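>>> got a sequence here, can you model it:
(one chain, ligands or ions: 1)
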Amino acid sequence: MDEVSATQPERAARGAEDCVIHTRALTKRYRGGQLAVDGLDLTVPAGSVFGFLGPNGSGKTTTIRMLMGLIEPTSGTARVLGHPMPRSSRAVLPHVGALIEGPALYGFLTGRDNLLRYDAADPTADPRTRGARVAAALDRVGLTAAAGKKARAYSLGMKQRLGLAAALLQPRRLLVLDEPTNGLDPQGMREIRSLVRELASDGTTVFLSSHLLDEIEQVCTHAAVMARGRLVTQGSVAELAAGARGRLVVTTPDAAEAARVLKEQAVADVVVTDDRVTGEPPERDLAEVNAALVRAGVRVRGFGVERASLEDAFVALTGEGFDVAG
Ligand SMILES: Nc1ncnc2c1ncn2[C@@H]1O[C@H](COP(=O)(O)OP(=O)(O)OP(=O)(O)O)[C@@H](O)[C@H]1O
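A predicted model of the protein is given here:
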């Protein structure tokens, strides 16, 4: 598909039909009255690795369940691969691989048998190619050697990779992964992240939810940030981080004096940690700020602006920290 190789302006010029996921005012109020998703406008470009970021309880899973046609929105619309959901579920879902709320595995079956069984339950899967596709998927996620072991003997990371293999049994245009690294140790997280990068390099659009900011920064090209059911921002990760100004960082053995001078120079939110003094850079020329430090006799070893992270962007946008407890 040529969408994948389209340039950014070309993509921007296109209509909603060309986006892999597009929602308009998507809203879900649960029966108990809980407004889980509130007027969401989401645009996921083809070929992106799209991070859906938000603290626990911010509405990510509810959104994913609406996108996959598992629950009906209260109002608003969702289109996936250009088709309305949940109405077009039967046409759309064969092109979508999903890993939602952990893979459903049979512990008493081997990894390979789990995949064979999963594939047999899919009416669109060709039984003649089943064995070869299962072998290829196991290879893809690095489980060939463990394919004959019972799934209950798998580590959490291996189970998660087996779940991914199930999503990869057929060629997919979109992969939807709900918190794919949740509960994994750092090694398991790295494995899943590199797998996601590999899949994306083949042109598959990957939509993954996470409550981990640095994870999104490491693997995603684009991101949307949710808080309390509402979209805070979305765009390319580079744009989002650029939207937040980085922090001014001064390294000096004269930290207390440096902090005093920086405040005088209209640097806000000055924080001293050992020999590092940081603050929000003022609007004026930073060369003047540096000169003022030197004039005051501060021995400046380092002076610069640190690149802003997504976390800085989040804090700047919401005025609050990224509180995982939600
Ligand atoms: N079936 C349900 N019935 C009622 N309320 C629900 C239901 N599912 C979720 N909620 C509520 O909706 C809100 C959003 O939950 P959701 O699971 O979508 O968030 P999330 O961002 O995916 O968080 P988590 O990472 O914890 O799953 C929460 O306040 C949650 O308690």
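>>> please make it C-alpha for all contacts and neighbour counts, starting now.
OK.
>>> quick one: contacts of stretch 254-266?
Outside stretch 254-266, the residues that touch it by CA atoms under 8 Å, 6 or more residues apart in numbering are 250, 252, 270-272, 274-277, 282, 289, 292-293, 296, 298-299.
>>> show me which of these is closest to the ligand.
Within the contacts of stretch 254-266, the smallest distance to the ligand is 31.8 Å, found for residue 271 (CA to the nearest ligand atom).
>>> just for the stretch 101-250 of the chain, where's the confidence low?
102-103, 242-245 (pLDDT under 70).
>>> how about the strands of it, start to end?
174-178, 205-210, 222-227, 230-236, 248-251 (DSSP state E, counting those that start in this stretch).
>>> and the first one, what's buried?
Along strand 174-178, the positions that meet the burial threshold by neighbour count (16 or more other CA atoms under 10 Å) are 174, 175, 176, 177, 178.
>>> by contact count, what packs against that strand?
helix 60-67, strand 96-99, strand 205-210 (3 or more CA pairs under 8 Å, 6 or more residues apart in numbering; DSSP states H and E).
>>> can you tell me what sits against the second one?
Read that as strand 96-99. 163-164, 166-168, 172-178, 180.
>>> again, only this time at 6 Å
The contact list for strand 96-99 (CA atoms under 6 Å, 6 or more residues apart in numbering) reads 167, 172, 174, 175, 176, 177.
>>> show the contacting residues for the fifth one.
Counting by CA under 6 Å, 6+ apart, residue 176 makes contact with 98, 207, 208.
>>> look up the closest residue to the most centrally placed residue in the chain, ignoring the ones flanking it.
When CA atoms, centre = their mean is applied to the chain, the residue found nearest the centroid is residue 51 (2.1 Å). Nearest non-adjacent residue to residue 51, counting by CA to CA, 6 or more residues apart in numbering: residue 223, 4.4 Å away.
>>> could I get the strands of the stretch 101-250 of the chain as TSV with distance to residue 137?
Compiled in TSV, those are given as follows (distance: least, CA to CA, whole Å):
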stretch	distance to residue 137
strand 174-178	14
strand 205-210	17
strand 222-227	26
strand 230-236	30
strand 248-251	47
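>>> ok, which of those comes nearest residue 193?
Evaluated over the strands of the stretch 101-250 of the chain, closeness to residue 193 peaks at strand 205-210, with 10.6 Å, by CA to CA.
>>> the closest one vs the ligand: in contact?
No: judged by CA under 6 Å from any ligand atom, strand 205-210 stays clear of the ligand, getting no closer than 7.4 Å.
>>> contacts made by that strand with the rest, please.
46-53, 174-179.
>>> let's see that with 8 Å instead.
20, 46-54, 60, 173-180, 196, 199-200, 216.
>>> take the buried residues of strand 174-178 and lay them out in JSON lines including distance to residue 133.
Listed next are these as JSON lines, based on distance: CA to CA, whole Å:
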{"residue": "174", "distance to residue 133": "18"}
{"residue": "175", "distance to residue 133": "17"}
{"residue": "176", "distance to residue 133": "20"}
{"residue": "177", "distance to residue 133": "20"}
{"residue": "178", "distance to residue 133": "24"}
